[in-house]
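Undergrad: sequence first, then the predicted structure, then my questions.
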Amino acid sequence: MTHSSRFNWYFGALALLAFASAATAQQKDAAPRGNLELTTVVEKIVEVKQQDGATKTELVPVDVALPGDEVVYTVTFKNVSKQAADDIRITNPIPSAMRYLEDSAFGPGSEVLYSVDGGRTYGKPSELIVAADDGTKHVAAAADYTHIRWILKSPLDAGAKGFARFRAVVR
């Protein structure tokens with residue numbers, strides 16, 4: 001490995017650490033249980049030129065992301081137990097180096113809630129209130145969100161998989 005490739009690998013590893021987030025899964029009103037396996041992948045949206053000259057949008061692993069770059073976080077989960085799991089919540093912090101993009105969080109079969117207080121409380125966007133520097137209160141903006149929580153609406157069968165996703169921009 002050359003000095004240049006070692007530097008690029010090291011810099012890329014640092015960039016991934018800066019953008020990675022630690023998703024957790026819990027069953028409602030319980031400590032985390034070992035029945036879900038979670039994986040978080042961070043990808044960058046890029047335009048790729050095709051052989052015919054057309055371009056298309058693709059997701060590629062993040063090597064380096066610069067201010068203004070848009071990235072996509074995908075949390076995949078699998079029920080590794082031998083029975084259905086119920087009341088599942090997938091929670092993902094939004095890294096401080098990132099700004100959440102409004103209305104970008106989704107997960108099939110999930111209700112999406114947000115936190116503006118470091119994950120202590122959650123609500124729908126219209127329910128989240130923050131205080132301005134002058135003490136006045138207003139509805140939180142997407143940039144104020146600190147965490148995202150997906151609540152699965154149905155039990156997850158044994159061996160079943162799912163995913164949750166959101167987009168953010170490097171600050």
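TA: The structure has been received and is ready for your questions.

Undergrad: now the longest strand belonging to the chain - C-alpha only, CSV.
TA: Of all segments of type strand in the chain, defined using DSSP state E, the longest is strand 36-49. Taking Å, rounded to 0.1, in the frame of the first residue of the first chain, the C-alpha atoms of strand 36-49 are listed here in CSV:
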residue,chain,number,x,y,z
LEU,A,36,-33.2,-7.8,16.3
GLU,A,37,-30.0,-7.6,14.3
LEU,A,38,-29.4,-4.0,13.0
THR,A,39,-27.0,-2.6,10.4
THR,A,40,-26.6,1.0,9.4
VAL,A,41,-25.2,2.0,6.0
VAL,A,42,-24.3,5.5,5.0
GLU,A,43,-24.3,6.3,1.3
LYS,A,44,-23.9,9.4,-0.9
ILE,A,45,-26.2,10.4,-3.7
VAL,A,46,-24.2,10.8,-6.9
GLU,A,47,-25.1,11.5,-10.6
VAL,A,48,-23.5,8.8,-12.8
LYS,A,49,-23.0,9.3,-16.5
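
Undergrad: hmm, who's touching it?
TA: 16, 19-25, 55-62, 65, 69-80, 85, 88, 90, 92, 156, 167 (Cβ atoms under 8 Å, 6 or more residues apart in numbering). Backbone N, C-alpha and C define where each C-beta goes, glycine included.

Undergrad: show me what the helix or strand following it is packed against.
TA: Next along the chain after strand 36-49, taking DSSP states H and E as the criterion, comes strand 55-61. Here strand 55-61 touches strand 36-49, going by 3 or more Cβ pairs under 8 Å, 6 or more residues apart in numbering; DSSP states H and E.

Undergrad: tell me the angle of the strand it packs on relative to strand 55-61?
TA: With axes from the mean of the first three to the mean of the last three Cα atoms, to 10 degrees applied, the angle from strand 36-49 to strand 55-61 works out at 140 degrees.

Undergrad: need the strands for this protein, in chain order.
TA: Using DSSP E, the strands found in the chain span residues 24-27, 36-49, 55-61, 70-79, 88-93, 98-100, 110-115, 129-131, 137-139, 147-152, 161-170.

Undergrad: any chance of those in a markdown table, with mean pLDDT, distance to Gly123 and mean neighbour count too?
TA: Shown next, in a markdown table, are the strands of the chain (pLDDT from 0 to 100; distance: least, Cβ to Cβ, whole Å; neighbours: other Cβ atoms under 10 Å):
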| stretch | mean pLDDT | distance to Gly123 | mean neighbour count |
| --- | --- | --- | --- |
| strand 24-27 | 67 | 18 | 17 |
| strand 36-49 | 92 | 23 | 14 |
| strand 55-61 | 92 | 29 | 10 |
| strand 70-79 | 96 | 20 | 20 |
| strand 88-93 | 96 | 14 | 21 |
| strand 98-100 | 97 | 15 | 22 |
| strand 110-115 | 98 | 6 | 19 |
| strand 129-131 | 95 | 9 | 12 |
| strand 137-139 | 96 | 11 | 10 |
| strand 147-152 | 98 | 10 | 22 |
| strand 161-170 | 97 | 16 | 20 |
